[in-house]
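# Got a sequence here, can you model it:
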Amino acid sequence: MEGGAGLSTENAKEAQQQGASYTYWVRQVTEEAAPPPVPRKLSSQDILSSQSQPATLGSLWNRAGTWEEKNVNKWATDRIKELLVSVGSVEFPGGNAEISDVSKCVGDAFLVTVRNKKRVGYTYELTLKFKGEWIIGEEKKMVKGQIDIPEFSFGELDDLQMEVRLGETKDLLHQDKLQISQNLKLFLQPVREKLLQFEQELKDR
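Got it, this is the predicted structure:
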């Protein structure tokens, strides 16, 4: 019994010493640690300094100007349609025609920020509906159809191509159809100009 009591007393002393040692260690670490940050009101100099920093591109979260890609399909599709319908009437020998609708406008457009530099790009393919009238054999003929524009991308408008498809033209001779198709390719230049305007607006966004 006496031996057990002696061990208990020793254990208690040892635990007390360990507790004191732990308390000392915590106190020592706490005293040596850096003091907590204290809130400081910004001075007018601090505000001026932040305002003088160069503006960064991209979102507010991307202040470092690293990679960021933004999809602008909705704006681009609506804007291309709006611009092409505004081409207006094109006159050519023996007739005239206009773009009545953009029935197909499929593609992607995007803005990319890389190292605080903006880059743009897009890829689209189009189908334009047209209507017009021609004087053929001293008779006025109404002609409808569509112009297909194969896939094109940013910086490739100099190579823009068109394929004309006429609607129902049973009373037209083959040579008349060829002439009308050739006339309709005069839309190439005004369409290219509208797409160049779209490119510029995309770069300015």
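# What is the least confident helix or strand in this structure?
helix 2-32 (a mean of 50; mean pLDDT, DSSP states H and E).
# List the residues that contact the spatially closest residue to residue 171 that is not a sequence neighbour.
Nearest residue to residue 171 in three dimensions, chain neighbours excluded: residue 141, at 7.5 Å (Cβ to Cβ, 6 or more residues apart in numbering). To be clear about C-beta, it is placed using only N, CA and C from the backbone, and glycine gets the same treatment. Counting by Cβ atoms under 8 Å, 6 or more residues apart in numbering, residue 141 touches 133, 134, 135, 169, 171, 172.
# Alpha carbons only: can I get the helix or strand where residue 79 lies in CSV?
Secondary structure assignment for residue 79, by DSSP states H and E: helix 73-85. Extracted as CSV, the C-alpha positions of helix 73-85 are listed here (Å, rounded to 0.1, in the frame of the first residue of the first chain):
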residue,chain,number,x,y,z
ASN,A,73,-21.6,34.0,-79.1
LYS,A,74,-25.0,35.7,-78.3
TRP,A,75,-23.7,39.2,-79.1
ALA,A,76,-21.8,38.1,-82.2
THR,A,77,-24.7,36.1,-83.8
ASP,A,78,-27.2,38.9,-83.2
ARG,A,79,-24.7,41.6,-84.5
ILE,A,80,-23.8,39.6,-87.7
LYS,A,81,-27.5,39.2,-88.5
GLU,A,82,-28.2,42.9,-87.9
LEU,A,83,-25.3,44.1,-90.0
LEU,A,84,-26.0,41.8,-93.0
VAL,A,85,-29.7,42.6,-93.2
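# Which residues belonging to that helix are considered buried?
76, 77, 79, 80, 81, 83, 84, 85 (16 or more other Cβ atoms under 10 Å).
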